[in-house]
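S.K.: next come a sequence and a model predicted from it.
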Amino acid sequence: MTELTDLGIAAIRDGVRAGDFSAREVAEAFVAAVAAAKPLNAFLVETPDHALAAADAADAARAAGEAPRPMAGVPIGMKDLFCTKGVPSTAASHILEGFTPQYESTVSQKLWDAGAGMLGKLNMDQFAMGSSNETSHFGNVVSPWRRSDGGNADLAPGGSSGGSSAAVAARIAPGATGTDTGGSIRQPAAFTGISGIKPTYGRCSRWGVIAFASSLDQAGPMARDVRDCAIMLEAMAGFDAKDATSLDVAVPQWEAGLTPSLKGKRVGIPKEYRVDGMPPEIEALWQQGIDWVRDAGAEVVEVSLPHTKYALPAYYIIAPAEASSNLARYDGVRYGLRDLPDGANLQEMYAKTRAEGFGDEVKRRILIGTYVLSAGFYDAYYTQAQKVRTLIAQDFDNAWERCDVLLTPTAPSAAFALGEKNADPIAMYLNDVFTVPSSLAGLPAMSVPGGVDAGGLPLGLQVIGKALDEQAVLNAALAIEQRAGFVARPGRWW
Amino acid sequence: MSVTIDTVRRIAGLARIAITEEEAARLAPELGNILGFIEQLGEVDTAGVAPMTAVIPNHLRLRDDVVTDGGIREAVLANAPQAEHGFFTVPKVIE
C-alpha cells in the first residue's frame, strides 16, 4: 500500500470518505513525518493535538453518517503569518516572539470549518520579506531538494513561504497555506516542485494575517497538484466584512470546474519576459510550456506588456512604503518584545525595541519605506510608483483583449544555494521579476511544476489570469501538469 | 544615488529604529544602491496617469453603527509586555 504521507489533499479526502483509511491514521502519519523532519527546520511550532483532534472529529462525523466537510481529515501546515488562537504566531520575527493571538485569522478559521487540522506553524522569511527563507529569526528552512551532481549544498526553499514549500515537497504536509505579496507563494512552489496559486487580490480575507504590504498581500494554497490547490482555495476564499478590501463575490466551485482542455482559449506570451541573461533551461522550459498549451487546444499569441521592466522598482517603493506604515505598530507597548533600558524614556524604548526586534532585511525595508514617504520625496517616489502601477495594470488589460491567460516562467532560475545571494539585496529582489507584475495588478497567478534543470532541480511555469478568473488559471495549469508528468521528488536525507 | 550617513540617521530616527554608527555606515551604501535601482522609475512618462488606488474595483462598505465587540479586556492585554490595573503601561511621558 502507498504510504499515507504520499497522498495529496484530494486522495486523503476521498480515501477518508470511502473508509479506505481513517483520518486518525492520516493525521498520525503526518504528525510522525513532521516530528522526524527537524533538519528541514520547516516548522516553528508543531501542533499534533490540533491535527489529531480534527481527524477524530472527521472520523466521528463519518461514523455518525454526517455529510462530509470539504477538507475533513486533511491535516495541513499553517504559515506563521496567520494568527492562530492560542498558538504562537511570530511571522518568524524576534519582535513577535512569544505573541499568542487571542483570535483566529479568517482564512485559518475557514480551513478548520472545512474540517482541516493543523500540523503546526510554518517557518518563513521574517514578516514575509525575502525570497530564500534566510531572513527568518529562527534559522532558514532547508529545501528537501539536493542537486543531482552529488553536491550536498543546502538549497533555498524559496521565500517567503519557504516552510510551506519545503513541507509539501518533503511530504510532511499534503498542503499548506502561503501568502504572496510579490511572489511568495509562486517562487517557493517553483523552487520545490509543487503547485501554488495566488488568487485575485481580495479573494482571501487578510483579517488576522500579519500585515506586510496591505495592497498586495494575498493568501493562497500550496499543494502537490492543481486539483489540491483548487480544493484548498475553495475553503480559504470568501467575503469577510472584517477586511475592507475583501471582495463580496461568490466563491466558484473551482474543483468541479477543472478541465484540461484549452480549446477556444488563447494563451498570451509576453515578449518582455524574455529577459537578458535568462538561463537556456528556463527558455527551453517556457517553449515546452508553449507546446503543451498548444497541444491542449489553445491558440498561442505573442503579447506585449511594455512596462514590465518597471514593475520591480515600483514594487520596491510600494511594498516597503506600506511595510514601514504597517510595522509601525510594533512599539513594545501592546504585544511582543519590549526593550526598556534603565532610565530610558518612551521614544528610546520604541527605538531600542525595534532595533532589537527587527532583522536586517526588515529594517532595510522599513528605512526605504520611510525614506520614500518622507517629506519632499513622496511624489517623486511613492506617487510615481503608483502611477507606474496603473500603467502596469493597463498593460495587462490591453493583453486581455488578445488572450485569456498568460504563460511565463515562474522564476529566472532554479533554487540557489543558501548564502549564495544574500550579500546583494538587489540580486535577491530580481528573483521576483516574473511574479511581481501580476501582484501589482492584483491578478490571479499560479506556479505549476514543468520539469527539472540539469542539476535535477524543479522549474516552474506561471499562468496569470484575468481578475476573478482563477478557473482559467487552474485549467491552464492543469493542462500543463498533465503534459509535464512531473514525478520528480526529493530523496529523503533528513 | 548616494545616501549620506546623516540621512540614514535621520530616516532611522523617523522610523524609530536605534542604529549604531557602524550600522549607519553600512546602511548608507546599501540604501543608496536600492534607491539607485528604484530611481529608474523617473524615466517613465506618467503625465496624465492617475495613481493606482485599488487594484480591483471595489467600493467601501458601510456597516450598521452598532457595537459588535468589547468586554474582552483580558484578551486585549494578554500579550502586553507590561500591564497594570487593566492598562498598558509605558515609561513616564509627562514630567
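M.R.: It's in.

S.K.: which positions in the stretch 51-200 of chain A make contact with chain B?
M.R.: Residues of the stretch 51-200 of chain A found near chain B, taking C-beta under 8 Å from any C-beta of the partner chain as the criterion, are A:98-100, A:102-103, A:200. For every residue, glycine as well, the C-beta is placed using N, CA and C.

S.K.: now list the buried members of these.
M.R.: Neighbour-count burial (16 or more other C-beta atoms under 10 Å in any protein chain shown) applied to those gives A:99-100, A:200.

S.K.: contacts only, for A:Pro188.
M.R.: A:133, A:157-162, A:164-165, A:178, A:196, A:222 (C-beta atoms under 8 Å, 6 or more residues apart in numbering or on different chains).

S.K.: tell me how many other residues crowd the residue in chain B that chain A sits nearest to.
M.R.: Here chain B gets closest to chain A at one residue, B:Val55, 3.0 Å apart by C-beta to the nearest C-beta. B:Val55 has 21 neighbours, counted by other C-beta atoms under 10 Å in any protein chain shown.

S.K.: show me the contacts of A:Pro188 that map onto strands.
M.R.: If you go by DSSP state E, the contacts of A:Pro188 have A:178, A:196, A:222 in strands.

S.K.: and of those residues, the nearest to A:Pro144?
M.R.: A:Pro144 has its nearest neighbour among the ones in strands among the contacts of A:Pro188 in A:Met222, at 13.9 Å by C-beta to C-beta.

S.K.: what's the pLDDT at the residue nearest in space to the middle of chain B?
M.R.: With distances taken as C-alpha atoms, centre = their mean, B:Ala15 lies nearest the centre of chain B, 7.0 Å away. What the model reports as pLDDT for B:Ala15 is 98.

S.K.: A:Asp154 now?
M.R.: pLDDT, A:Asp154: 95.

S.K.: and for A:Asp149?
M.R.: pLDDT at A:Asp149 comes out at 85.

S.K.: so it sits against A:Ala417, correct?
M.R.: No: using C-beta atoms under 8 Å, A:Asp149 is not in contact with A:Ala417; the gap is 12.0 Å.

S.K.: excluding sequence neighbours, find me the nearest residue to residue 80.
M.R.: In the absence of a named chain, chain A is used. With C-beta to C-beta, 6 or more residues apart in numbering or on different chains as the criterion, A:Asp80 has its nearest non-adjacent residue at 4.4 Å, and that residue is A:Lys121.

S.K.: hmm, no, I was thinking of chain B.
M.R.: B:Phe88 (5.3 Å).

S.K.: what's the burial count for that neighbour?
M.R.: Quick note: B:Phe88 (other C-beta under 10 Å) scores 14 neighbours.

S.K.: ok, A:Ala92 next?
M.R.: Neighbours of A:Ala92 (other C-beta under 10 Å): 33.

S.K.: list the residues that contact it.
M.R.: Contacts of A:Ala92 (C-beta under 8 Å, 6+ apart): A:44, A:80, A:123-127, A:135-138.

S.K.: just say helix, strand or coil for A:Leu430.
M.R.: helix (DSSP: H, G, I helix; E, B strand; the rest coil).

S.K.: ok, A:Asn152 next?
M.R.: Applying three-state DSSP: A:Asn152 is coil.

S.K.: from A:Ala230, how far out is the closest residue in space to it that isn't next to it in sequence?
M.R.: Take A:Asn152 and drop its neighbours on the chain: the residue closest to it by C-beta to C-beta, 6+ apart is A:Arg146, 6.4 Å away. Distance, A:Arg146 to A:Ala230, using C-beta to C-beta, to the nearest Å: 30 Å.

S.K.: which one's more surrounded, these two?
M.R.: The neighbour count for A:Arg146 versus A:Ala230, taken as other C-beta under 10 Å, is higher for A:Ala230 (28 against 19).

S.K.: give me the residue from chain A nearest chain B.
M.R.: Closest point on chain A to chain B, by C-beta to the nearest C-beta, is A:Gly442, at 3.0 Å.

S.K.: coming back round to it: pretty sure the residue nearest to A:Asp80 is in a strand, no?
M.R.: Yes: using three-state DSSP, the secondary structure at A:Lys121 is a strand.

S.K.: is it in contact with A:Phe43, as I believe?
M.R.: Yes: between A:Lys121 and A:Phe43 there is a contact under C-beta under 8 Å: 6.7 Å.

S.K.: out of the contacts of A:Ala92, who has the most neighbours?
M.R.: A:Met124 (35 neighbours).

S.K.: residue contacts, A:Phe358?
M.R.: Per C-beta under 8 Å, 6+ apart, neighbours of A:Phe358: A:93-95, A:126, A:327, A:330, A:366, B:17.

S.K.: sorry, wrong one. I was asking about B:Gly13.
M.R.: A:Ala351.

S.K.: wait, a helix at it?
M.R.: Yes: according to three-state DSSP, B:Gly13 belongs to a helix.

S.K.: contact partners for the closest residue to A:Glu299 other than its chain neighbours?
M.R.: Nearest-residue entry for A:Glu299: A:Arg266, 4.8 Å, with adjacent residues in sequence omitted and distances by C-beta to C-beta, 6+ apart. Contact partners of A:Arg266, counting by C-beta under 8 Å, 6+ apart, are A:298-301, A:402-404.

S.K.: for chain B, what spans make up the strands?
M.R.: Using DSSP E, strands in chain B cover B:83-84, B:87-88.

S.K.: between those, which one is closest to A:Ala213.
M.R.: Once the strands of chain B are compared by C-beta to C-beta, strand B:87-88 is nearest, at 27.1 Å.

S.K.: A:Pro449 sits in which helix or strand?
M.R.: Using DSSP states H and E, the element containing A:Pro449 is strand A:445-452.

S.K.: what packs against that strand?
M.R.: helix A:186-192, strand A:195-198, helix A:226-236, helix A:280-295, strand A:458-465, helix A:470-484 (3 or more C-beta pairs under 8 Å, 6 or more residues apart in numbering or on different chains; DSSP states H and E).

S.K.: have a look at chain B and report its longest helix.
M.R.: As assigned by DSSP state H, the longest helix anywhere in chain B is helix B:21-38.

S.K.: worst-scoring helix or strand of chain A, pLDDT-wise?
M.R.: helix A:425-429 (a mean of 81; mean pLDDT, DSSP states H and E).

S.K.: who are the packing partners of that helix?
M.R.: helix B:21-38.

S.K.: C-alpha coordinates for the helix it packs on, CSV please?
M.R.: Only the C-alpha atoms of helix B:21-38 are listed here, as CSV (Å, rounded to 0.1, in the frame of the first residue of the first chain):
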residue,chain,number,x,y,z
GLU,B,21,27.4,54.4,13.9
GLU,B,22,28.7,51.2,12.4
GLU,B,23,25.2,50.3,11.2
ALA,B,24,24.7,53.7,9.7
ALA,B,25,27.9,53.4,7.8
ARG,B,26,27.0,50.0,6.5
LEU,B,27,23.4,51.0,5.6
ALA,B,28,24.3,54.2,3.7
PRO,B,29,25.7,52.4,0.6
GLU,B,30,23.1,49.6,0.8
LEU,B,31,20.2,52.1,0.8
GLY,B,32,22.0,54.1,-1.9
ASN,B,33,22.1,51.0,-4.1
ILE,B,34,18.4,50.2,-3.6
LEU,B,35,17.4,53.8,-4.2
GLY,B,36,19.5,53.9,-7.3
PHE,B,37,17.7,50.8,-8.5
ILE,B,38,14.2,52.2,-7.9
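
S.K.: which outside residues touch it?
M.R.: With C-beta under 8 Å, 6+ apart as the criterion, helix B:21-38 contacts A:312-314, A:316-317, A:364, A:367-368, A:371-372, A:381, A:385, A:425-426, A:429, B:1-5, B:7-9, B:11-12, B:19.
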